[in-house]
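Visitor: Coordinates for the following, if possible.
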Amino acid sequence: MLNNIRAGQTQQVSQELKSAIVKKFTNYFLLLFSLIFIIEASHPEVYAQVADQQILLRLGQNEVDVYEFQRLYQKNAQTTGSENPLVVEDYLGLFINFKRKVFDAHELGLDTLQSFKNELAGYKNQLATPYLTNQKILDSLTWEAYERMQTEINASHILVKLPPNPEPADTLKAYKKALSIRERILVTGEPFDLVAKGVSDDPSAKTNSGNLGYFPVFQMTYPFESACYNAEINELTHPIRTRFGYHLIKVHDKRKARGTIKVAHIMVSVPRSSTREFESQARQKIFGIYDRLLDGAAFSELAKEFSDDYNSAKMGGELPWFGTGRMVPEFEAAAFSLKTNGELSEPVKTGFGWHIIKRLDRREVESFETIKDELRREVLRTDRAQIARQAFLDDLKNEYDLRVDSSMLYPFYMAIDSQSFISGTWGKKITTDLDRPLIEFANLAYSVRNFKEFINNHAGRPFSGTSRSFVDNLMVLFENQKLTEYEKNHLETKNKDFYYLIKEYHDGMLLFEVSEKKVWSKAIEDTVGLRKFYESHLEDYMKEACVNLIQFSIHDSNWTARIQKAIRKGRKKSYDPAYFYGLLPADSSYVPFEFSEQKVCRSDSPVVDDMHWRKGATKTYSDDGQINIILITDVHPPEPEPFDSIRGQVTSDFQNALEEDWLKFLEEKYPLELHQDVFNVLKSNLQ
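Guide: Next up, the predicted model:
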């Protein structure tokens with residue numbers, strides 16, 4: 001039950017939407033600039049305001065308004081940061097090239113392809129979610145979550161369980177039971193933990209007496225969490241309703257949040273069914289590892305060799321960052337007790353076995369500005385988001401004057417029961433006028449038939465509670481669905497930021513498609529053109545001129561003249577190294593000189609660069625008292641790299657050339673007319 005009460009561990013910030021876009025537009029990002037971004041619905045304050053719909057420039061017959069440019073510039077300026085400011089004029093050039101390509105894609109009809117429409121519709125559906133929420137309430141919930149992040153709660157609870165969609169009588173019965181338990185504790189003074197152990201419907205209470213330990217924000221359902229943060233220490237709350245039932249909560253302590261910590265560990269597993277002999281062996285093993293660590297052995301190597309946590313062992317024992325409530329209490333307490341990075345714990349026993357923990361890093365709760373976007377996403381993933389969503393739907397009901405003919409629900413109350421709903425026979429009992437309007441708003445009407453079809457989509461499953469409560473709940477879902485569908489279809493006309501966000505995705509997808517068609521695929525598939533490009537640019541793929549040489553290092557100056565003479569004689573032997581080996585004295589302990597064969601290219605060696613590059617050329621020089629002689633044995637003039645060995649580089653260069661030719665074509669096709677006065681005003685606002 002504890003796992004159910006907890007709202008779920010804080011997961012890594014969802015990146016599915018962003019990852020899908022980034023993956024598809026990788027080449028686009030590399031060639032141009034970052035256009036596709038994480039949803040910005042929560043940040044309308046980012047954009048300095050200028051006159052709406054004011055035209056900034058024309059490209060041929062196509063107009064581009066100032067807000068579109070301003071919006072993208074400021075997003076990219078935020079990405080580059082103050083250390084690398086984005087120059088407005090430079091960005092304008094990139095933006096113009098981008099728009100020309102998009103207009104070209106339009107003319108090619110790439111936006112009319114069904115695959116394009118389907119993909120854009122999928123993104124649009126995902127992007128709409130934050131816009132279908134009351135932003136003020138969402139902001140308030142986000143700030144509330146941040147304030148609660150500063151504190152961790154230790155509390156116990158007693159649960160009086162309720163099924164989903166309970167009968168009113170069952171709800172009242174559970175509530176009265178919770179009240180009677182509360183009264184029993186207050187009047188008799190019985191210890192909370194003993195009562196919890198005896199009467200709580202949370203199975204874990206049998207072992208933990210209802211104590212949930214310390215927990216931070218987001219770990220419990222929102223009503224439960226709010227009750228804990230609002231209660232005083234040692235206060236026994238009134239019954240708190242969650243989707244699980246009624247809870248009596250007693251807060252034992254509130255402490256400053258400990259932040260998050262990153263550790264590595266070595267685990268020796270001790271299964272619960274282990275014999276005493278096995279447990280003793282495990283203890284001996286972990287303390288043996290601990291002694292080796294104290295003697296200076298590398299933690300990561302011992303973790304890889306001995307840890308029974310195989311997932312972390314291959315990472316040297318490293319675990320992901322975690323905070324309060326993520327690990328079993330014994331492990332968590334030992335980890336947070338470590339004061340410095342690199343510090344080791346003594347072996348710690350938990351329900352999983354023995355652990356040695358090494359602290360790697362620790363960080364306090366970050367500033368609100370740093371984590372507010374992450375917090376908003378977390379709020380949107382938890383049950384508290386329903387508050388903001390329902391407020392938004394209530395606003396829509398008022399805005400569109402939604403009207404419901406509740407009298408038309410009575411046939412459904414009479415027709416539906418659990419058995420007929422499972423069998424699907426309930427529909428035959430609906431004999432009323434199916435075309436009569438049931439709900440109306442914004443000049444739209446949805447009939448009894450529409451609601452019946454909606455219910456059919458939920459048929460075949462048992463339900464609890466009364467038929468009336470079941471139908472009423474479905475009616476709320478039906479209303480919300482129709483309102484949401486309508487609002488989604490009109491978001492682009494109602495919300496300027498959403499319109500431009502969808503436009504970014506639309507244009508970014510078009511840019512990818514047209515670049516794929518005009519540049520990337522063409523460079524790969526046009527093998528004849530690729531080979532021709534290589535042959536016409538051979539000067540760009542030339543190998544540097546190189547020489548083969550022998551370098552003599554002479555340790556005995558008396559041998560300098562002898563080596564020079566030997567080189568002159570060696571010309572007849574094509575400078576065979578064996579010839580020079582023959583010069584060495586028979587006494588191997590006496591080495592008057594050494595030599596080595598090398599290949600040296602232009603700019604590799606200033607000494608060689610100064611020589612006359614011809615076969616047989618020599619140079620004698622001194623380096624720190626060491627006499628050296630260089631003999632060039634062969635010369636390799638510049639020549640082109642073989643095509644197959646540099647095909648990737650040639651393909652990239654060919655793509656760049658195709659890009660340049662395409663941009664020249666687009667420049668003529670879509671001539672620029674910049675409204676300089678508008679641009680000057682915009683520039684002054686942006687700087």
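
Visitor: List the buried residues of stretch 647-658.
Guide: Buried residues in stretch 647-658, counting neighbours by 16 or more other Cβ atoms under 10 Å, are found at 650-651, 653-655, 657-658. From N, CA and C alone the C-beta is placed, and that goes for glycine too.

Visitor: Sort out for me which of those are in helices.
Guide: Among the buried residues of stretch 647-658, the members found in helices (DSSP state H) are 650-651, 653-655, 657-658.

Visitor: Nearest to residue 474 among these?
Guide: Comparing those against residue 474 with Cβ to Cβ places residue 655 closest, at 55.8 Å.

Visitor: Give me the nearest residue to that closest one, chain neighbours excluded.
Guide: In this structure, residue 655 finds its nearest non-sequential neighbour in residue 523, 4.3 Å apart by Cβ to Cβ, 6 or more residues apart in numbering.

Visitor: got the buried residues for the helix or strand that neighbour falls within?
Guide: Using DSSP states H and E, residue 523 falls within helix 521-525. Under the neighbour-count criterion of 16+ other Cβ under 10 Å, helix 521-525 has 522-523 buried.

Visitor: any idea how far residue 208 is from residue 195?
Guide: 14 Å (Cβ to Cβ, to the nearest Å).

Visitor: re earlier: can you put the buried residues of stretch 647-658 in JSON lines and add distance to residue 71?
Guide: JSON lines is the format used below for the buried residues of stretch 647-658 (distance: Cβ to Cβ, whole Å):
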{"residue": "650", "distance to residue 71": "39"}
{"residue": "651", "distance to residue 71": "35"}
{"residue": "653", "distance to residue 71": "34"}
{"residue": "654", "distance to residue 71": "34"}
{"residue": "655", "distance to residue 71": "29"}
{"residue": "657", "distance to residue 71": "32"}
{"residue": "658", "distance to residue 71": "30"}
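
Visitor: Of the residues you listed, which is the nearest to residue 253?
Guide: residue 655 (63.4 Å).

Visitor: mind listing what that closest one touches?
Guide: Counting by Cβ atoms under 8 Å, 6 or more residues apart in numbering, residue 655 makes contact with 519-520, 523.

Visitor: tell me the least confident of these?
Guide: Lowest pLDDT among the contacts of residue 655: residue 523, with 86.

Visitor: related to what we said a few turns ago, the contacts of residue 655 into JSON lines, with extra columns for distance to residue 407?
Guide: Below are the contacts of residue 655 laid out as JSON lines (distance: Cβ to Cβ, whole Å):
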{"residue": "519", "distance to residue 407": "64"}
{"residue": "520", "distance to residue 407": "62"}
{"residue": "523", "distance to residue 407": "68"}
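
Visitor: Closest one of the residues you listed to residue 679?
Guide: When the contacts of residue 655 are compared for distance to residue 679 (Cβ to Cβ), residue 519 wins out at 28.9 Å.

Visitor: Could you measure from that closest one over to residue 299?
Guide: 50 Å.

Visitor: repeat for residue 474
Guide: When residue 474 is compared with residue 299 (using Cβ to Cβ), they lie 57 Å apart.

Visitor: tell me the SS of residue 339?
Guide: State at residue 339, reduced to three classes by DSSP: H, G, I helix; E, B strand; the rest coil: coil.

Visitor: pLDDT at it, what is it?
Guide: pLDDT, residue 339: 95.

Visitor: Quick one: neighbours of it, just the number.
Guide: Residue neighbour count, defined by other Cβ atoms under 10 Å, stands at 8 for residue 339.

Visitor: re the thing from before, report the contact partners of the residue nearest to residue 655.
Guide: 529-530, 651, 654-655, 658.

Visitor: Residue 364 touches residue 259, doesn't it?
Guide: Yes. Using Cβ atoms under 8 Å, residue 364 is in contact with residue 259, at 4.3 Å.

Visitor: higher neighbour count, those two?
Guide: With neighbours defined as other Cβ under 10 Å, residue 364 and residue 259 compare such that residue 259 has more, 16 against 11.

Visitor: if I pick residue 143, what's in contact with it?
Guide: Residues in contact with residue 143, defined by Cβ under 8 Å, 6+ apart, are residue 368.

Visitor: Now name the helix or strand holding it.
Guide: Using DSSP H and E, residue 143 sits within helix 135-149.

Visitor: do residue 595 as well
Guide: Residue 595 is located in strand 593-601, with elements delineated by DSSP H and E.

Visitor: Which positions within the longest helix anywhere in the chain qualify as buried?
Guide: The longest helix of the chain (DSSP H) is helix 467-494. For helix 467-494, burial by neighbour count (16+ other Cβ under 10 Å) applies to 467, 469-472, 474-475, 478-480, 482-484, 487-488, 491-492.

Visitor: Check which element follows that helix along the chain.
Guide: Note on helix 467-494: by DSSP H and E, the next helix or strand toward the C-terminus is helix 496-515.

Visitor: part of a strand, is residue 549?
Guide: Yes. Under three-state DSSP, residue 549 falls within a strand.

Visitor: show me what contacts it?
Guide: Residue 549 neighbours (Cβ under 8 Å, 6+ apart): 597-600, 608, 630-633.

Visitor: Noted, bye for now.
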